[in-house]
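# Have a look at this prediction, sequence included:
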Amino acid sequence: MLRNSNSNCFCGSANKSFRSNDYYANINTAVALGKMQVPVKHKQLASNYILIKKIFGSCSAAIPITNADRSILGRHGFMPLENSTISQVNRQIEQLKSWANSGDILLSAYANELFEIRIKELKYLRLTVTSGRRTEFQDGFLALEKYIEYIAR
């Protein structure tokens, strides 16, 4: 009896940690993240992105991120968007939101700058990635786009 109760407790705690990891792996998690305290700068950038997308059918110009942008991403522990998974992007969105809503002005400025770089990456990926080439990349940009579409409403 004691043996069964220990094994059930262990399985229960393993299942909880597995479920929390699964939570971030879903594209619709980006929508759930968009429901909580979205910074004003995120809403402005998202509205601009969606407006341009609606007018032109896609983003207006394919401008890749610069080496300076890549170094800023690397300095804060972010991978390029094409190498990021859905769960990584969802965690980054949550982190950027917490930084932007913090009382620290410098941290908030970093969060806004990183979000601008992410949108720039998304614009470039959406214009340059074809369906055949899409298999080379991770699906993290889909989660970012879902988040942007939700908060732009």
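That came through fine. Numbers count the residues shown, from 1 in each chain.

# Nearest residue to the residue nearest to the spatial centre of the chain in space, please, no chain neighbours.
In the chain, the C-alpha nearest the mean C-alpha coordinate belongs to residue 89, at 3.2 Å (Cα atoms, centre = their mean). Of all residues not flanking residue 89 in the chain, residue 140 sits nearest, at 3.9 Å (Cβ to Cβ, 6 or more residues apart in numbering). Any C-beta I mention is one placed from the backbone N, CA and C, and that applies to glycine too.

# cool, residue 84 as well?
Per Cβ to Cβ, 6+ apart, closest to residue 84 is residue 140, 3.4 Å.

# same thing with residue 76?
Residue 76 sits nearest to residue 114 (Cβ to Cβ, 6+ apart), 6.2 Å away.

# The one you found and residue 104, how far apart?
14 Å (Cβ to Cβ, to the nearest Å).

# These two: which is more packed in?
The residue with more neighbours, out of residue 114 and residue 104, is residue 114; 21 against 11, by other Cβ atoms under 10 Å.

# pretty sure that one contacts residue 72?
Yes - using Cβ atoms under 8 Å as the test, residue 114 is close enough to residue 72 to be in contact (7.0 Å).

# related to what we said a few turns ago, can you give me the buried ones in the strand or helix carrying the residue nearest to the centre of the chain?
Per DSSP states H and E: residue 89 is located in helix 86-101. Within helix 86-101, the residues that count as buried by 16 or more other Cβ atoms under 10 Å are 86, 87, 88, 89, 90, 92, 93, 94, 96, 97, 99, 100.

# Give me the distance between it and the centre of its chain.
6 Å (Cα atoms, centre = their mean, to the nearest Å).

# which other helices and strands contact that helix?
helix 2-24, helix 29-33, helix 40-56, helix 105-128, helix 140-151 (3 or more Cβ pairs under 8 Å, 6 or more residues apart in numbering; DSSP states H and E).

# Please could you give me each C-alpha atom of that helix, formatted as PDB?
Listed next in PDB are the C-alpha coordinates belonging to helix 86-101 (Å, rounded to 0.1, in the frame of the first residue of the first chain):
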ATOM      1  CA  ILE A  86       6.600  27.800 -30.100                       C
ATOM      2  CA  SER A  87       7.300  27.200 -26.400                       C
ATOM      3  CA  GLN A  88      10.400  29.400 -26.500                       C
ATOM      4  CA  VAL A  89       8.400  32.200 -28.200                       C
ATOM      5  CA  ASN A  90       5.500  31.900 -25.700                       C
ATOM      6  CA  ARG A  91       7.900  32.200 -22.800                       C
ATOM      7  CA  GLN A  92       9.700  35.100 -24.400                       C
ATOM      8  CA  ILE A  93       6.400  36.900 -24.900                       C
ATOM      9  CA  GLU A  94       5.600  36.400 -21.200                       C
ATOM     10  CA  GLN A  95       9.000  37.600 -20.200                       C
ATOM     11  CA  LEU A  96       8.800  40.700 -22.500                       C
ATOM     12  CA  LYS A  97       5.400  41.600 -21.000                       C
ATOM     13  CA  SER A  98       6.600  41.300 -17.500                       C
ATOM     14  CA  TRP A  99       9.700  43.400 -18.300                       C
ATOM     15  CA  ALA A 100       7.500  46.100 -20.100                       C
ATOM     16  CA  ASN A 101       5.100  46.200 -17.200                       C
END
